[in-house]
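Engineer: Pasting a predicted model and its sequence here:
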Amino acid sequence: MRDKPYKILVVDDEVDLEPLMLQRMRRKIRSGTYDFVFAHNGLEALEVLNRDKEIDMVLSDINMPQMDGLALLEQIPKVDPNLRAVIISAYGDMKNIRTAMNRGAFDFVTKPLDFKDLQVTIERTLQHLAEWKEALQSRDKLVALQNELDVASQMQRSILPSRFPSGDNYEVYGDMEAARNVGGDFFDVLNLQDDKVGLAVADVSDKGVPAALFMMSSRTLLKGSAIGYMDDVAGLMTELNNLLVEDNEASMFVTLFYGVFNPYTGSFVYSNGGHNTPVIYHADGSTTLLPLTNGIALAVVPDMSFEMHSVTLAPGDTLVLYTDGVTEAMNEHKEEFETSRLLKVFEGSPPSGAQQANEAVFQAVRDFVGDTPQSDDITCLSLHYEGPSS
Amino acid sequence: MAVNSDRQNGTLIARADGRIDGANAREFQVALESAIDPTDSNVVLDLENLSYISSAGLRVILMTAKTLQRQKAKFAICSLSPSIKEVFQISGFDRIIPIHSTLDDALSALK
(Lines give C-alpha, C1' and ligand atoms only; values in the text may rest on other atoms or scores of the structure.)
Protein backbone atom coordinates (compact mmCIF):
# COMPACT_ATOMS: atom_id res chain seq x y z
CA MET A 1 0.00 0.00 0.00
CA ARG A 2 1.50 3.30 -0.96
CA ASP A 3 1.06 6.54 0.90
CA LYS A 4 -0.24 8.71 -1.96
CA PRO A 5 -3.08 8.04 -4.43
CA TYR A 6 -2.44 6.72 -7.92
CA LYS A 7 -2.92 9.53 -10.41
CA ILE A 8 -4.97 8.66 -13.48
CA LEU A 9 -5.30 10.89 -16.53
CA VAL A 10 -8.66 10.49 -18.30
CA VAL A 11 -8.74 11.70 -21.92
CA ASP A 12 -12.12 12.06 -23.63
CA ASP A 13 -13.77 14.81 -25.67
CA GLU A 14 -17.17 14.03 -24.15
CA VAL A 15 -17.47 16.47 -21.24
CA ASP A 16 -20.04 14.24 -19.53
CA LEU A 17 -17.42 11.68 -18.63
CA GLU A 18 -15.67 13.86 -16.08
CA PRO A 19 -18.55 14.25 -13.56
CA LEU A 20 -19.63 10.67 -14.18
CA MET A 21 -16.15 9.30 -13.43
CA LEU A 22 -15.80 11.41 -10.29
CA GLN A 23 -19.21 10.27 -9.11
CA ARG A 24 -18.68 6.56 -9.79
CA MET A 25 -15.16 6.49 -8.38
CA ARG A 26 -15.96 8.71 -5.39
CA ARG A 27 -15.18 6.02 -2.81
CA LYS A 28 -11.76 5.35 -4.28
CA ILE A 29 -11.12 9.09 -4.45
CA ARG A 30 -12.26 9.71 -0.88
CA SER A 31 -10.14 6.85 0.48
CA GLY A 32 -7.10 8.35 -1.22
CA THR A 33 -6.61 5.42 -3.59
CA TYR A 34 -7.19 7.22 -6.88
CA ASP A 35 -6.77 10.78 -8.03
CA PHE A 36 -8.16 11.87 -11.43
CA VAL A 37 -7.07 14.55 -13.86
CA PHE A 38 -8.81 15.19 -17.17
CA ALA A 39 -7.93 16.21 -20.71
CA HIS A 40 -10.16 16.48 -23.77
CA ASN A 41 -7.92 15.47 -26.64
CA GLY A 42 -4.50 13.96 -27.30
CA LEU A 43 -2.63 17.26 -27.47
CA GLU A 44 -4.05 18.48 -24.19
CA ALA A 45 -3.22 15.08 -22.66
CA LEU A 46 0.43 15.38 -23.73
CA GLU A 47 0.61 18.83 -22.18
CA VAL A 48 -0.72 17.49 -18.90
CA LEU A 49 1.68 14.54 -19.00
CA ASN A 50 4.66 16.79 -19.64
CA ARG A 51 3.65 19.07 -16.80
CA ASP A 52 2.63 16.49 -14.22
CA LYS A 53 5.20 13.74 -13.68
CA GLU A 54 3.10 12.16 -10.94
CA ILE A 55 0.67 10.54 -13.38
CA ASP A 56 0.76 6.76 -13.28
CA MET A 57 -1.69 5.73 -15.98
CA VAL A 58 -3.74 7.09 -18.87
CA LEU A 59 -7.30 6.13 -19.72
CA SER A 60 -8.06 7.40 -23.21
CA ASP A 61 -10.86 7.45 -25.73
CA ILE A 62 -9.92 6.78 -29.36
CA ASN A 63 -11.95 9.23 -31.42
CA MET A 64 -11.09 12.78 -30.44
CA PRO A 65 -10.37 16.05 -32.26
CA GLN A 66 -6.81 17.38 -32.83
CA MET A 67 -4.98 14.26 -31.72
CA ASP A 68 -6.82 10.97 -31.37
CA GLY A 69 -6.15 8.20 -28.85
CA LEU A 70 -4.11 6.09 -31.27
CA ALA A 71 -1.74 8.96 -32.02
CA LEU A 72 -1.52 9.72 -28.30
CA LEU A 73 -0.48 6.10 -27.66
CA GLU A 74 2.55 6.61 -29.88
CA GLN A 75 3.59 9.72 -27.96
CA ILE A 76 3.19 8.41 -24.41
CA PRO A 77 6.46 6.37 -24.24
CA LYS A 78 8.38 9.47 -25.32
CA VAL A 79 7.08 11.29 -22.25
CA ASP A 80 7.61 8.40 -19.85
CA PRO A 81 8.21 4.77 -20.90
CA ASN A 82 6.85 3.64 -17.53
CA LEU A 83 3.36 5.08 -18.11
CA ARG A 84 0.60 2.58 -18.86
CA ALA A 85 -2.40 3.35 -21.06
CA VAL A 86 -5.86 1.78 -21.20
CA ILE A 87 -7.99 2.52 -24.28
CA ILE A 88 -11.74 3.15 -24.34
CA SER A 89 -13.18 1.94 -27.63
CA ALA A 90 -16.54 1.42 -29.19
CA TYR A 91 -17.95 -2.03 -28.57
CA GLY A 92 -16.77 -4.48 -31.25
CA ASP A 93 -14.33 -2.05 -32.89
CA MET A 94 -11.70 -4.75 -33.25
CA LYS A 95 -9.67 -2.87 -35.84
CA ASN A 96 -8.94 0.08 -33.54
CA ILE A 97 -8.50 -2.16 -30.51
CA ARG A 98 -5.87 -4.18 -32.38
CA THR A 99 -4.06 -1.03 -33.49
CA ALA A 100 -4.14 0.28 -29.92
CA MET A 101 -2.74 -2.95 -28.50
CA ASN A 102 -0.02 -2.97 -31.18
CA ARG A 103 0.91 0.55 -30.18
CA GLY A 104 1.51 -0.50 -26.60
CA ALA A 105 -1.85 -0.06 -24.85
CA PHE A 106 -1.88 -2.17 -21.71
CA ASP A 107 -5.60 -3.05 -21.93
CA PHE A 108 -8.92 -1.77 -23.27
CA VAL A 109 -12.49 -1.24 -22.08
CA THR A 110 -15.54 -0.75 -24.27
CA LYS A 111 -18.32 1.79 -24.42
CA PRO A 112 -20.79 2.16 -22.89
CA LEU A 113 -18.54 2.11 -19.85
CA ASP A 114 -19.17 -0.60 -17.28
CA PHE A 115 -17.64 1.05 -14.22
CA LYS A 116 -17.23 -2.22 -12.34
CA ASP A 117 -15.21 -3.62 -15.21
CA LEU A 118 -13.33 -0.34 -15.52
CA GLN A 119 -12.34 -0.50 -11.87
CA VAL A 120 -11.05 -4.06 -12.25
CA THR A 121 -9.07 -2.98 -15.31
CA ILE A 122 -7.61 0.04 -13.51
CA GLU A 123 -6.63 -2.09 -10.55
CA ARG A 124 -4.99 -4.68 -12.77
CA THR A 125 -3.05 -1.95 -14.58
CA LEU A 126 -1.88 -0.34 -11.36
CA GLN A 127 -0.92 -3.73 -9.93
CA HIS A 128 1.18 -4.40 -13.02
CA LEU A 129 2.69 -0.94 -12.71
CA ALA A 130 3.67 -1.51 -9.08
CA GLU A 131 5.34 -4.81 -9.96
CA TRP A 132 7.07 -3.21 -12.92
CA LYS A 133 8.42 -0.38 -10.77
CA GLU A 134 9.61 -2.83 -8.14
CA ALA A 135 11.48 -4.78 -10.81
CA LEU A 136 13.03 -1.54 -12.07
CA GLN A 137 14.11 -0.68 -8.54
CA SER A 138 15.84 -3.97 -7.97
CA ARG A 139 17.55 -3.60 -11.30
CA ASP A 140 18.73 -0.14 -10.25
CA LYS A 141 19.95 -1.58 -6.98
CA LEU A 142 21.95 -4.18 -8.86
CA VAL A 143 23.46 -1.49 -11.06
CA ALA A 144 24.27 0.64 -7.99
CA LEU A 145 25.84 -2.36 -6.31
CA GLN A 146 27.95 -3.04 -9.36
CA ASN A 147 29.02 0.61 -9.45
CA GLU A 148 29.91 0.46 -5.79
CA LEU A 149 31.98 -2.66 -6.34
CA ASP A 150 33.75 -0.97 -9.26
CA VAL A 151 34.60 2.03 -7.08
CA ALA A 152 35.83 -0.25 -4.31
CA SER A 153 37.97 -2.22 -6.70
CA GLN A 154 39.52 0.96 -8.12
CA MET A 155 40.30 2.15 -4.61
CA GLN A 156 41.86 -1.20 -3.81
CA ARG A 157 44.05 -1.12 -6.92
CA SER A 158 45.07 2.49 -6.38
CA ILE A 159 46.81 1.77 -3.08
CA LEU A 160 48.99 -1.07 -4.32
CA PRO A 161 52.65 -0.20 -4.87
CA SER A 162 53.77 -0.43 -8.47
CA ARG A 163 57.51 -0.02 -7.90
CA PHE A 164 59.57 -2.08 -5.53
CA PRO A 165 62.79 -1.19 -3.77
CA SER A 166 65.77 -3.36 -4.58
CA GLY A 167 69.43 -3.49 -3.76
CA ASP A 168 72.36 -5.42 -5.15
CA ASN A 169 71.71 -8.21 -2.64
CA TYR A 170 67.92 -8.38 -2.45
CA GLU A 171 64.79 -8.13 -4.54
CA VAL A 172 61.14 -7.45 -3.60
CA TYR A 173 58.09 -8.20 -5.72
CA GLY A 174 54.36 -8.27 -5.02
CA ASP A 175 51.14 -8.81 -6.88
CA MET A 176 47.43 -9.22 -6.30
CA GLU A 177 44.81 -10.95 -8.37
CA ALA A 178 41.42 -9.49 -7.43
CA ALA A 179 38.43 -11.75 -7.09
CA ARG A 180 35.46 -10.95 -9.28
CA ASN A 181 33.40 -9.47 -6.42
CA VAL A 182 36.20 -7.51 -4.79
CA GLY A 183 37.89 -8.90 -1.74
CA GLY A 184 39.82 -6.98 0.85
CA ASP A 185 43.50 -7.74 0.25
CA PHE A 186 46.29 -5.23 0.03
CA PHE A 187 50.03 -5.20 0.41
CA ASP A 188 52.63 -2.49 0.78
CA VAL A 189 56.37 -2.05 0.60
CA LEU A 190 57.87 0.84 2.57
CA ASN A 191 61.26 2.49 2.17
CA LEU A 192 62.47 3.16 5.71
CA GLN A 193 65.53 4.80 7.24
CA ASP A 194 68.94 3.12 6.95
CA ASP A 195 67.81 1.35 3.75
CA LYS A 196 65.47 -0.88 5.72
CA VAL A 197 62.36 -2.14 3.97
CA GLY A 198 58.92 -2.56 5.54
CA LEU A 199 56.78 -5.37 4.11
CA ALA A 200 53.06 -5.59 4.79
CA VAL A 201 50.33 -7.89 3.62
CA ALA A 202 46.75 -7.58 4.84
CA ASP A 203 43.20 -8.79 4.40
CA VAL A 204 40.12 -6.73 5.36
CA SER A 205 37.13 -8.78 6.47
CA ASP A 206 34.50 -7.31 4.18
CA LYS A 207 33.77 -6.11 0.67
CA GLY A 208 32.50 -2.98 -1.03
CA VAL A 209 33.16 0.69 -0.43
CA PRO A 210 33.13 0.64 3.41
CA ALA A 211 35.73 -2.13 3.38
CA ALA A 212 37.80 -0.30 0.76
CA LEU A 213 37.73 2.85 2.91
CA PHE A 214 38.77 0.79 5.92
CA MET A 215 41.56 -0.70 3.81
CA MET A 216 42.74 2.75 2.79
CA SER A 217 42.80 4.03 6.35
CA SER A 218 44.65 0.87 7.51
CA ARG A 219 47.24 1.40 4.83
CA THR A 220 47.59 5.16 5.47
CA LEU A 221 47.91 4.65 9.24
CA LEU A 222 50.48 1.91 8.67
CA LYS A 223 52.51 4.11 6.35
CA GLY A 224 52.29 7.03 8.75
CA SER A 225 53.30 5.09 11.84
CA ALA A 226 55.93 2.77 10.33
CA ILE A 227 58.64 5.45 10.17
CA GLY A 228 58.23 6.38 13.83
CA TYR A 229 58.23 2.83 15.15
CA MET A 230 60.90 1.37 12.85
CA ASP A 231 61.96 -1.99 14.34
CA ASP A 232 59.40 -1.83 17.16
CA VAL A 233 56.88 -3.64 15.01
CA ALA A 234 54.94 -4.86 18.06
CA GLY A 235 54.52 -1.25 19.23
CA LEU A 236 53.38 -0.32 15.75
CA MET A 237 50.73 -3.06 15.77
CA THR A 238 49.43 -1.94 19.18
CA GLU A 239 49.17 1.64 17.92
CA LEU A 240 47.49 0.65 14.64
CA ASN A 241 45.03 -1.56 16.47
CA ASN A 242 43.98 1.24 18.80
CA LEU A 243 43.63 3.70 15.92
CA LEU A 244 41.54 1.30 13.85
CA VAL A 245 39.28 0.05 16.63
CA GLU A 246 37.90 3.56 17.25
CA ASP A 247 34.52 4.21 15.64
CA ASN A 248 34.50 0.76 14.12
CA GLU A 249 30.76 0.22 14.48
CA ALA A 250 30.63 -2.19 11.54
CA SER A 251 33.02 -4.54 13.35
CA MET A 252 35.32 -4.74 10.37
CA PHE A 253 38.76 -6.05 11.04
CA VAL A 254 42.00 -6.48 9.19
CA THR A 255 44.54 -9.25 9.49
CA LEU A 256 47.97 -7.72 9.02
CA PHE A 257 51.43 -9.18 8.81
CA TYR A 258 54.15 -6.56 9.01
CA GLY A 259 57.92 -6.95 9.13
CA VAL A 260 61.03 -4.84 8.69
CA PHE A 261 63.94 -6.21 6.66
CA ASN A 262 67.51 -5.02 7.12
CA PRO A 263 69.42 -5.67 3.87
CA TYR A 264 72.81 -5.29 5.61
CA THR A 265 72.30 -8.05 8.13
CA GLY A 266 69.47 -10.11 6.64
CA SER A 267 67.46 -9.67 9.83
CA PHE A 268 63.70 -9.62 9.58
CA VAL A 269 61.69 -8.50 12.59
CA TYR A 270 57.97 -9.03 12.36
CA SER A 271 54.65 -9.03 14.15
CA ASN A 272 51.58 -10.91 13.05
CA GLY A 273 48.10 -9.50 13.63
CA GLY A 274 45.96 -12.54 12.94
CA HIS A 275 47.37 -13.17 9.48
CA ASN A 276 48.53 -16.32 7.71
CA THR A 277 52.08 -17.12 8.56
CA PRO A 278 54.67 -16.47 5.81
CA VAL A 279 57.00 -19.11 4.39
CA ILE A 280 60.75 -19.04 3.91
CA TYR A 281 62.07 -21.14 1.03
CA HIS A 282 65.70 -21.95 1.74
CA ALA A 283 68.45 -22.43 -0.83
CA ASP A 284 68.75 -26.10 0.10
CA GLY A 285 65.10 -26.75 -0.80
CA SER A 286 63.79 -26.87 2.77
CA THR A 287 61.05 -24.56 4.03
CA THR A 288 60.21 -22.78 7.28
CA LEU A 289 56.87 -21.34 8.36
CA LEU A 290 57.53 -18.25 10.45
CA PRO A 291 56.35 -18.86 14.02
CA LEU A 292 53.16 -16.98 14.95
CA THR A 293 53.42 -14.10 17.40
CA ASN A 294 50.05 -14.68 19.13
CA GLY A 295 48.61 -11.56 17.58
CA ILE A 296 44.94 -10.97 16.98
CA ALA A 297 43.44 -9.32 13.89
CA LEU A 298 43.48 -5.51 14.15
CA ALA A 299 40.42 -3.38 15.04
CA VAL A 300 38.74 -6.16 17.04
CA VAL A 301 39.50 -5.26 20.67
CA PRO A 302 41.27 -2.13 21.97
CA ASP A 303 44.47 -2.22 24.01
CA MET A 304 45.64 -5.61 22.84
CA SER A 305 49.31 -6.39 23.22
CA PHE A 306 51.30 -7.70 20.27
CA GLU A 307 54.49 -9.69 20.25
CA MET A 308 57.27 -9.70 17.71
CA HIS A 309 59.86 -12.19 16.54
CA SER A 310 63.06 -11.84 14.66
CA VAL A 311 64.68 -14.18 12.14
CA THR A 312 67.89 -13.81 10.20
CA LEU A 313 67.56 -14.75 6.56
CA ALA A 314 70.32 -16.92 5.15
CA PRO A 315 71.86 -16.26 1.72
CA GLY A 316 69.51 -17.56 -0.95
CA ASP A 317 66.42 -17.41 1.28
CA THR A 318 63.12 -16.30 -0.21
CA LEU A 319 60.43 -15.01 2.13
CA VAL A 320 56.89 -15.26 0.78
CA LEU A 321 54.04 -13.32 2.39
CA TYR A 322 50.53 -14.16 1.21
CA THR A 323 46.83 -13.97 2.05
CA ASP A 324 44.34 -16.79 2.59
CA GLY A 325 43.29 -16.35 -1.05
CA VAL A 326 46.35 -18.48 -1.81
CA THR A 327 45.89 -21.27 0.73
CA GLU A 328 42.10 -21.32 0.38
CA ALA A 329 42.04 -21.19 -3.42
CA MET A 330 39.60 -23.90 -4.43
CA ASN A 331 39.59 -26.31 -7.35
CA GLU A 332 36.60 -27.94 -9.01
CA HIS A 333 36.61 -30.78 -6.44
CA LYS A 334 36.23 -28.20 -3.65
CA GLU A 335 39.72 -28.96 -2.43
CA GLU A 336 41.78 -26.09 -1.07
CA PHE A 337 45.33 -25.27 -2.11
CA GLU A 338 46.37 -25.36 1.55
CA THR A 339 49.67 -24.53 3.14
CA SER A 340 51.01 -28.00 2.33
CA ARG A 341 50.88 -27.31 -1.43
CA LEU A 342 52.33 -23.85 -0.94
CA LEU A 343 55.34 -25.40 0.80
CA LYS A 344 55.90 -27.70 -2.18
CA VAL A 345 55.80 -25.06 -4.95
CA PHE A 346 59.59 -24.95 -5.24
CA GLU A 347 60.36 -28.58 -4.54
CA GLY A 348 63.77 -29.34 -5.98
CA SER A 349 64.38 -25.86 -7.44
CA PRO A 350 64.42 -23.07 -4.87
CA PRO A 351 63.55 -19.60 -6.20
CA SER A 352 66.32 -17.44 -7.61
CA GLY A 353 64.55 -14.10 -7.29
CA ALA A 354 61.51 -12.39 -5.78
CA GLN A 355 59.57 -11.85 -8.99
CA GLN A 356 60.27 -15.40 -10.14
CA ALA A 357 59.14 -16.77 -6.76
CA ASN A 358 56.01 -14.64 -6.74
CA GLU A 359 55.01 -15.61 -10.27
CA ALA A 360 55.66 -19.28 -9.56
CA VAL A 361 53.27 -19.20 -6.58
CA PHE A 362 50.56 -17.58 -8.73
CA GLN A 363 51.16 -20.12 -11.47
CA ALA A 364 50.93 -23.02 -9.01
CA VAL A 365 47.61 -21.68 -7.69
CA ARG A 366 46.31 -21.16 -11.24
CA ASP A 367 47.30 -24.68 -12.24
CA PHE A 368 45.56 -26.01 -9.16
CA VAL A 369 42.23 -24.16 -9.50
CA GLY A 370 41.89 -24.46 -13.28
CA ASP A 371 38.72 -22.70 -14.44
CA THR A 372 37.06 -22.58 -11.01
CA PRO A 373 36.15 -18.93 -10.29
CA GLN A 374 37.78 -17.61 -7.13
CA SER A 375 35.78 -15.96 -4.38
CA ASP A 376 38.70 -14.20 -2.71
CA ASP A 377 41.62 -12.02 -3.73
CA ILE A 378 44.95 -13.76 -4.15
CA THR A 379 47.91 -11.76 -2.89
CA CYS A 380 51.56 -12.64 -2.69
CA LEU A 381 54.59 -10.52 -1.71
CA SER A 382 58.09 -11.97 -1.97
CA LEU A 383 61.55 -10.97 -0.75
CA HIS A 384 64.64 -12.72 -2.06
CA TYR A 385 67.91 -12.27 -0.19
CA GLU A 386 71.32 -13.06 -1.66
CA GLY A 387 73.35 -12.56 1.51
CA PRO A 388 75.02 -9.63 3.26
CA SER A 389 76.08 -6.96 0.83
CA SER A 390 79.80 -6.66 0.34
CA MET B 1 22.62 -20.64 5.21
CA ALA B 2 20.32 -21.88 7.93
CA VAL B 3 20.98 -21.60 11.64
CA ASN B 4 19.17 -24.20 13.73
CA SER B 5 18.71 -23.45 17.35
CA ASP B 6 17.13 -24.76 20.51
CA ARG B 7 17.32 -24.00 24.20
CA GLN B 8 18.60 -26.35 26.88
CA ASN B 9 18.19 -25.30 30.52
CA GLY B 10 18.19 -21.63 29.59
CA THR B 11 21.14 -21.82 27.19
CA LEU B 12 20.58 -21.05 23.52
CA ILE B 13 22.42 -23.50 21.29
CA ALA B 14 22.79 -22.27 17.69
CA ARG B 15 24.19 -24.55 15.00
CA ALA B 16 25.65 -23.51 11.66
CA ASP B 17 26.64 -25.98 8.99
CA GLY B 18 28.27 -26.06 5.57
CA ARG B 19 30.36 -23.10 4.48
CA ILE B 20 30.32 -19.47 5.55
CA ASP B 21 32.06 -17.19 3.09
CA GLY B 22 31.67 -13.73 1.60
CA ALA B 23 28.71 -14.89 -0.47
CA ASN B 24 26.48 -15.99 2.41
CA ALA B 25 27.93 -14.18 5.43
CA ARG B 26 25.05 -11.67 5.52
CA GLU B 27 22.55 -14.49 5.37
CA PHE B 28 24.37 -16.16 8.27
CA GLN B 29 24.32 -12.89 10.19
CA VAL B 30 20.56 -12.45 9.74
CA ALA B 31 19.88 -16.08 10.68
CA LEU B 32 22.07 -15.90 13.77
CA GLU B 33 20.64 -12.55 14.87
CA SER B 34 17.09 -13.81 14.61
CA ALA B 35 17.94 -16.97 16.55
CA ILE B 36 19.20 -14.97 19.52
CA ASP B 37 16.72 -13.21 21.82
CA PRO B 38 17.69 -10.01 23.61
CA THR B 39 16.86 -11.89 26.82
CA ASP B 40 19.28 -14.77 26.21
CA SER B 41 22.02 -14.78 28.81
CA ASN B 42 23.91 -17.90 27.70
CA VAL B 43 24.66 -18.63 24.05
CA VAL B 44 26.70 -21.45 22.52
CA LEU B 45 27.49 -21.53 18.82
CA ASP B 46 28.03 -25.15 17.81
CA LEU B 47 30.20 -25.38 14.67
CA GLU B 48 30.48 -29.15 14.53
CA ASN B 49 29.10 -29.37 11.00
CA LEU B 50 30.82 -26.30 9.63
CA SER B 51 33.36 -27.13 6.94
CA TYR B 52 34.71 -23.68 6.08
CA ILE B 53 34.65 -20.14 7.41
CA SER B 54 36.13 -17.06 5.74
CA SER B 55 37.03 -13.75 7.36
CA ALA B 56 33.56 -12.44 6.45
CA GLY B 57 32.12 -15.27 8.57
CA LEU B 58 34.51 -14.52 11.41
CA ARG B 59 33.28 -10.95 11.34
CA VAL B 60 29.70 -12.11 11.91
CA ILE B 61 30.82 -14.17 14.90
CA LEU B 62 32.75 -11.16 16.17
CA MET B 63 29.67 -8.92 15.85
CA THR B 64 27.60 -11.54 17.66
CA ALA B 65 30.18 -11.70 20.45
CA LYS B 66 30.05 -7.91 20.78
CA THR B 67 26.25 -7.81 20.78
CA LEU B 68 26.11 -10.50 23.45
CA GLN B 69 28.69 -8.65 25.51
CA ARG B 70 26.45 -5.58 25.40
CA GLN B 71 23.46 -7.59 26.61
CA LYS B 72 25.72 -9.07 29.32
CA ALA B 73 25.32 -12.59 27.98
CA LYS B 74 27.95 -15.32 28.08
CA PHE B 75 29.09 -16.65 24.72
CA ALA B 76 31.16 -19.64 23.67
CA ILE B 77 31.75 -21.67 20.54
CA CYS B 78 32.36 -25.39 20.39
CA SER B 79 33.14 -28.49 18.31
CA LEU B 80 35.46 -26.89 15.76
CA SER B 81 37.06 -29.03 13.09
CA PRO B 82 40.88 -28.81 13.05
CA SER B 83 40.91 -26.50 10.01
CA ILE B 84 38.34 -24.13 11.52
CA LYS B 85 40.15 -24.18 14.83
CA GLU B 86 43.24 -23.12 12.92
CA VAL B 87 41.36 -20.15 11.41
CA PHE B 88 40.44 -19.00 14.93
CA GLN B 89 44.03 -19.48 16.11
CA ILE B 90 45.67 -17.68 13.19
CA SER B 91 43.27 -14.73 13.40
CA GLY B 92 43.80 -14.61 17.17
CA PHE B 93 40.03 -14.78 17.79
CA ASP B 94 40.62 -17.64 20.22
CA ARG B 95 41.99 -14.96 22.54
CA ILE B 96 38.65 -13.20 22.85
CA ILE B 97 36.04 -15.92 22.24
CA PRO B 98 36.09 -19.02 24.47
CA ILE B 99 36.43 -22.19 22.39
CA HIS B 100 35.47 -25.62 23.75
CA SER B 101 36.06 -28.99 22.16
CA THR B 102 32.57 -30.35 22.87
CA LEU B 103 29.09 -28.95 23.40
CA ASP B 104 29.00 -30.45 26.90
CA ASP B 105 32.23 -28.66 27.81
CA ALA B 106 30.80 -25.40 26.53
CA LEU B 107 27.53 -25.88 28.42
CA SER B 108 29.23 -26.63 31.71
CA ALA B 109 31.63 -23.71 31.24
CA LEU B 110 28.71 -21.30 30.84
CA LYS B 111 26.95 -22.54 33.98
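Structural biologist: Done, it's in. Just so we're clear, the structure is a prediction, and the values are computed from it rather than from any experiment.

Engineer: what comes up buried for stretch B:74-92?
Structural biologist: With burial defined by 16 or more other C-beta atoms under 10 Å in any protein chain shown, the residues of stretch B:74-92 counted as buried are B:74-80, B:84-85, B:87-92. C-betas here are computed from N, CA, C, even on glycine.

Engineer: Get me the contact residues on chain B for chain A.
Structural biologist: Selection of chain B residues close to chain A by C-beta under 8 Å from any C-beta of the partner chain yields B:21-23, B:52, B:54-56, B:58-59, B:62-63, B:66, B:89-93, B:95-96.

Engineer: Pull out the buried residues from those.
Structural biologist: Using 16+ other C-beta under 10 Å, the buried ones in those are B:21-22, B:52, B:54-56, B:58-59, B:62-63, B:89-93, B:96.

Engineer: Lowest pLDDT pick from those?
Structural biologist: Among those, B:Gly22 carries the lowest pLDDT, at 75.

Engineer: surely it meets A:Asp203?
Structural biologist: No: with contacts counted by C-beta atoms under 8 Å, B:Gly22 stays clear of A:Asp203, the gap being 11.4 Å.

Engineer: can you list residues touching both of those two?
Structural biologist: By C-beta atoms under 8 Å, 6 or more residues apart in numbering or on different chains, B:Gly22 and A:Asp203 have these common neighbours: A:Gly183.

Engineer: Quick one: the strands in chain B, in order.
Structural biologist: B:3-8, B:11-16, B:18-20, B:42-46, B:50-53, B:74-78, B:99-100 (DSSP state E).

Engineer: Now A:Arg88: which helix or strand?
Structural biologist: One thing to correct before we go on: residue A:88 is Ile, not Arg. If you go by DSSP states H and E, A:Ile88 is part of strand A:84-90.

Engineer: which of the buried residues of stretch B:74-92 sit farthest apart?
Structural biologist: Using C-beta to C-beta, these reach their maximum pairwise distance at B:Lys74 and B:Ile90, which is 24.8 Å.

Engineer: Determine how far stretch B:13-32 lies from the middle of the whole chain.
Structural biologist: 10 Å (C-alpha atoms, centre = their mean, to the nearest Å).

Engineer: what's that stretch in contact with?
Structural biologist: With contact meaning C-beta under 8 Å, 6+ apart, stretch B:13-32 is reached by A:181, A:183, A:207, A:375-376, B:1-7, B:35-36, B:43-54, B:56-57, B:59-60, B:63-64, B:103, B:107.

Engineer: again with stretch A:61-72
Structural biologist: Defining contact as C-beta under 8 Å, 6+ apart, one finds that stretch A:61-72 is touched by A:11-14, A:40-46, A:58, A:60, A:75, A:85, A:87-90, A:93, A:96, A:99-100, A:103.

Engineer: how far is stretch B:20-34 from where the chain is centred?
Structural biologist: On C-alpha atoms, centre = their mean, the centre of stretch B:20-34 falls 12 Å from that of its chain.

Engineer: list the buried ones in it?
Structural biologist: For stretch B:20-34, the neighbour count (16+ other C-beta under 10 Å) marks B:Ile20, B:Asp21, B:Gly22, B:Asn24, B:Ala25, B:Phe28, B:Gln29, B:Ala31, B:Leu32 as buried.

Engineer: would a markdown table of those with distance to A:Val301 be doable?
Structural biologist: What follows is the buried residues of stretch B:20-34, written out as a markdown table (distance: C-beta to C-beta, whole Å):
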| residue | distance to A:Val301 |
| --- | --- |
| B:Ile20 | 21 |
| B:Asp21 | 24 |
| B:Gly22 | 23 |
| B:Asn24 | 26 |
| B:Ala25 | 20 |
| B:Phe28 | 22 |
| B:Gln29 | 20 |
| B:Ala31 | 25 |
| B:Leu32 | 20 |
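
Engineer: Can you tell me which member of those has the lowest pLDDT score?
Structural biologist: Ranked by pLDDT, the buried residues of stretch B:20-34 bottom out at B:Gly22, which scores 75.

Engineer: Can you read off the backbone torsions of it?
Structural biologist: When read as degrees, to the nearest 10, the backbone of B:Gly22 gives phi -60, psi -30.

Engineer: Please name the nearest non-neighbouring residue to it.
Structural biologist: If the residues on either side of it in the chain are set aside, B:Gly22 comes closest to B:Ala56, at 4.4 Å by C-beta to C-beta, 6 or more residues apart in numbering or on different chains.

Engineer: Do I have it right that that neighbour meets A:Gly208?
Structural biologist: No: counting by C-beta under 8 Å, B:Ala56 does not reach A:Gly208; the two are 11.0 Å apart.

Engineer: thinking again about what came up before, among the buried ones among the residues of chain B next to chain A, name the ones in helices.
Structural biologist: Among these, the members falling in helices are B:Ser55, B:Ala56, B:Leu58, B:Arg59, B:Leu62, B:Met63, B:Gln89, B:Ile90, B:Ser91 (criterion: DSSP state H).
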